[in-house]
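*Asks:* Model the structure of this input:
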Amino acid sequence: MIAHICISSIGTIVLVWYGVSRPLSISQMVGLILAVLAFVLWATARVQIGTSFSVQPKAKALIRQGIYSRIRNPIYVFGAMWIAGLVLAIGKPFWLLFFLVLVPIQVIRARKEACVLEEKFGAEYREYRRKTWF
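*Replies:* Numbers count the residues shown, from 1 in each chain. So this is what the prediction gives:
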């Protein structure tokens, strides 16, 4: 977990350095702020999921505290926000087309995870899902 957060931290630090080392347009400033905010929320979600994090869908535990009390897949949501912020901050909005590929992939992954969690936790997961977004 620490290596995962450290690598992402380096990317965010480089982005901030890039942002403060030159004049930015309003959209670039918005992108920089979005990327930093998304990184903080992503890192928080990553810490909150703890050892339940896995690349392949697994049902180790049903995390319902912190950010997970509102959003079922905050790592996907804030990861996508970070990428959007990065694209805006570097001033290449064309790369937002990347989301045409990224979003469907994340939705498919979230559905697979939901199936695994529902299989293990049943009604408890369905109730959690009803009370949370994505």
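*Asks:* How many neighbouring residues does Glu119 have?
*Replies:* 11 (other Cβ atoms under 10 Å). Where C-beta positions appear, they are placed from N, C-alpha and C, glycine not excepted.
*Asks:* And the average pLDDT for the helix or strand hosting it is what?
*Replies:* Assigned by DSSP states H and E, Glu119 belongs to helix 99-121. Regarding helix 99-121, the rounded mean pLDDT is 93.
*Asks:* Buried residues of that helix, list them for me.
*Replies:* Across helix 99-121, burial judged by 16 or more other Cβ atoms under 10 Å covers Leu102, Gln106, Ala110, Glu113, Ala114, Val116, Leu117, Glu118, Phe121.
*Asks:* Among the residues you listed, which one lies nearest to Leu62?
*Replies:* Relative to Leu62, the closest of the buried residues of helix 99-121 is Phe121; by Cβ to Cβ it sits at 5.1 Å.
*Asks:* Can you tell me, leaving aside adjacent residues, what's nearest to that closest one?
*Replies:* In space, and not counting its chain neighbours, Phe121 is closest to Leu62: 5.1 Å by Cβ to Cβ, 6 or more residues apart in numbering.
*Asks:* State the distance from that neighbour to Ala35.
*Replies:* 30 Å (Cβ to Cβ, to the nearest Å).
*Asks:* quick one on the thing from earlier: max pairwise distance over the buried residues of helix 99-121: which two?
*Replies:* The two members of those with the most space between them (Cβ to Cβ) are Leu102 and Phe121, at 27.5 Å.
*Asks:* So Ser54 is in contact with Ile75, correct?
*Replies:* No: in this structure, Ser54 is not within contact of Ile75 by Cβ atoms under 8 Å, at 11.2 Å.
*Asks:* Counting by contacts, list what the helix holding Glu119 packs against.
*Replies:* helix 74-89, helix 123-131 (3 or more Cβ pairs under 8 Å, 6 or more residues apart in numbering; DSSP states H and E).
*Asks:* Tally up the residues packed near Leu32, please.
*Replies:* Residues near Leu32, counting by other Cβ under 10 Å: 22.
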